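Visitor: A predicted structure for the sequence below; I have some questions about it.
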Amino acid sequence: MIFRDPAFEQNKRHAIHRWVPWIAGFSADFVVDALRRYLPDGAGRNTCVLDPFAGVGTTLVESIRHGHNAIGFEINPFAALAARVKCTAFLLDPASVRAHIVAFEQRARRITEAIDQAWACGDDLARLLPAPASRPPAAFRSRVPFFSPAVERKVLHCLDLIHAVPDPQVRDLMLLAFGSILVHVSNYSYEPSLGSRSAVGKADVLNADVAGLLSARLYDMEHDIIVYRRDMMQFQPFPEGKVINDDSRQVRHILPDSSIDIVITSPPYLNPLEKINLAKSIVQELLSQNIHPLPPPIFEGAGVYALYYSGSHDLYASLALSSGKEEKPIYVGKAVPPGARIGGYGLNTPPGAVLFNRLREHALSIEQAQDLDLTDFRCRYLVVDDIWIPLAETLLIEMYQPVWNTIVPGFGNHAPGKGRHKQPATCNLQPATCNLQPATCNVQPATCNVQPATCNL
């Protein structure tokens, strides 16, 4: 079966679903197709649909409109409000809704027209009376002022008028409409994610017809409620939509067993550009690479790597590679292009064999330890652009806590750089403080001719 409009483009034109522009939307047509396929005879037999990530209620609304009870979990308070209002909007009296809209529009026009006149004259809007009782959220911050002064004053006055509406259901409907137009009158826009207008070459919104936009949205809602009520009259009793403003992981504690017939949902959206997700994608790629002897054949590039141990040394027995065991690295590290730490690396300049050289350094270091055999070591490596290298190394260390990164600090230290190579090559580790127990530390400080970190071996 082919499901329609998985990209939710048609939601912008569907009654009820068009009320809230939601960047992580979910296709109403997709939900309808799923209901028809998997619950073809469900209406009227007390079926229940679950959406554990309900968003603004697309699954819930379509389930109700097709005669099914619906339950949704949504942790975002505004999205939960939207879902709840949409699920119960057919119970509102359209005549009462219209009367409230007309009254709101008349009052809002009187206030906002005075703001327009003062703004056009260049007057100080902060001194204009009456002042709004509502205030911007105290903890709200944005790089660019979210609203221009005239727009913010209008927004706050409209919020005052909505808070004064006595009917709680109508008030919630108006609050939803209010929230749905805020970005349109702000200095931000969806491009496609929320960002400042100036960042994409658009002018700030210095003034806007807030009352007009909000009233227009409310009249659209009134029209859709009439359509919604007509659709629902075929069901007696009405199916119920319930929205739980909580984490969906609480579902087992809230819903009884065997109470759900089908789950239709759109899971939370991954942000591939989030730092942790970028790191995970690089780490996954590294861990999918083949394991090579240490050192591997020569290759070009910079990147990240992991070292593995497969020998029988008592101290590392728990890390030894064997069939059926998780591959846990004994050390992870990185090799950046020459001069990267001091800004001496030109972009798009080939880095050379820096990653191979790093692995070869480790091989030489291990060879000089008397109780370790280089043939017991393997490696994975991944050549990657230098901008991603620190991200991947940090996540690898956090994931595996490799012993030579955490318990034997300094294993991966390079030789002293320019200006420091004439310093005495003294070993920083005294036998009494050797992390591998004094009895097994075969390299004596007085005769240490390798890098200080290898005295940990």
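Guide: Received, thanks. Note that the structure is a prediction, hence the values are computed from the model and not measured.
Visitor: only C-alpha atoms from now on, for both contacts and neighbour counts.
Guide: Fine.
Visitor: would you mind measuring from residue 240 to residue 405?
Guide: Separation of residue 240 from residue 405 (CA to CA, to the nearest Å): 56 Å.
Visitor: low-scoring stretches of the protein, by residue?
Guide: 1-12, 23-25, 42-45, 191-193, 269-273, 319-326, 339-349, 408-457 (pLDDT under 70).
Visitor: let's see 80
Guide: Scanning the chain for pLDDT under 80 picks out 1-13, 21-26, 40-45, 190-194, 199-200, 267-275, 277, 315-327, 338-350, 407-457.
Visitor: kindly report the domain assignment for it.
Guide: When the chain is parsed with automatic domain parsing, its domains come out as 1-269, 275-421.
Visitor: show me the strands in the protein, by range?
Guide: All strands of the chain, identified by DSSP state E, fall at 48-51, 69-73, 188-190, 194-196, 241-244, 262-263, 292-293, 303-309, 331-335, 377-383.
Visitor: these into JSON lines, with extra columns for distance to residue 150?
Guide: Listed next are the strands of the chain as JSON lines, based on distance: least, CA to CA, whole Å:
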{"stretch": "strand 48-51", "distance to residue 150": "40"}
{"stretch": "strand 69-73", "distance to residue 150": "37"}
{"stretch": "strand 188-190", "distance to residue 150": "16"}
{"stretch": "strand 194-196", "distance to residue 150": "18"}
{"stretch": "strand 241-244", "distance to residue 150": "36"}
{"stretch": "strand 262-263", "distance to residue 150": "46"}
{"stretch": "strand 292-293", "distance to residue 150": "66"}
{"stretch": "strand 303-309", "distance to residue 150": "52"}
{"stretch": "strand 331-335", "distance to residue 150": "53"}
{"stretch": "strand 377-383", "distance to residue 150": "53"}
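Visitor: and of those, who's closest to residue 207?
Guide: Residue 207 lies closest to strand 188-190 among the strands of the chain, at 13.5 Å (CA to CA).
Visitor: helices or strands up against the longest helix seen in the chain?
Guide: Counting residues, the longest helix found in the chain (DSSP state H) is helix 94-120. Other elements packing on helix 94-120 under the criterion 3 or more CA pairs under 8 Å, 6 or more residues apart in numbering; DSSP states H and E are helix 149-163, helix 210-232.
Visitor: and those, which is most packed in?
Guide: Neighbour counts (mean count of other CA atoms under 10 Å) averaged over each of those peak at helix 149-163, with a mean of 21.
Visitor: residues in contact with stretch 66-83?
Guide: For stretch 66-83, contacts defined as CA atoms under 8 Å, 6 or more residues apart in numbering pick out 20, 42-44, 46-58, 60-61, 63-64, 172, 176, 235, 238-248.
Visitor: buried subset of those?
Guide: The neighbour count (16 or more other CA atoms under 10 Å) marks 20, 42-43, 47-58, 60-61, 63-64, 172, 176, 238-246, 248 as buried among those.
Visitor: ok, what's across the strand from the residue lying closest to residue 183 once chain neighbours are set aside?
Guide: Leaving aside its sequence neighbours, residue 183 sits nearest to residue 189 (CA to CA, 6 or more residues apart in numbering; 6.3 Å). Judged by DSSP bridges, the bridge partners of residue 189 are residue 195.
Visitor: residue numbering should commence at 663 henceforth.
Guide: Renumbered: residue one is now 663, and that last one reads residue 851.
Visitor: how many other residues sit next to residue 851?
Guide: If you count neighbours by other CA atoms under 10 Å, residue 851 ends up with 18.
Visitor: for it, give me its contacts.
Guide: For residue 851, the contact set (CA under 8 Å, 6+ apart) comprises 845, 857, 858, 859.
Visitor: what's around the second one, how many residues?
Guide: In other words, residue 857. Residue neighbour count, defined by other CA under 10 Å, stands at 15 for residue 857.
Visitor: so it sits right up against residue 845, yeah?
Guide: No - Residue 857 is beyond contact range of residue 845, at 10.2 Å (criterion: CA atoms under 8 Å).
Visitor: picking up where we left off before, so which of the strands of the chain comes closest to residue 811?
Guide: Nearest of the strands of the chain to residue 811, taken as CA to CA: strand 850-852 at 14.4 Å.
Visitor: of all the strands of the chain, which lies closest to residue 760?
Guide: Minimum separation from residue 760 across the strands of the chain (CA to CA) falls at strand 903-906, 24.0 Å.
Visitor: contact partners for the closest residue to residue 956 other than its chain neighbours?
Guide: Leaving aside its sequence neighbours, residue 956 sits nearest to residue 1040 (CA to CA, 6+ apart; 5.2 Å). By CA under 8 Å, 6+ apart, the residues touching residue 1040 are 953, 954, 955, 956, 957, 969, 970, 971, 972.
Visitor: buried stuff in stretch 1022-1032?
Guide: By 16+ other CA under 10 Å, the buried positions in stretch 1022-1032 come out as 1022, 1023, 1024, 1025, 1027, 1028, 1030, 1031.
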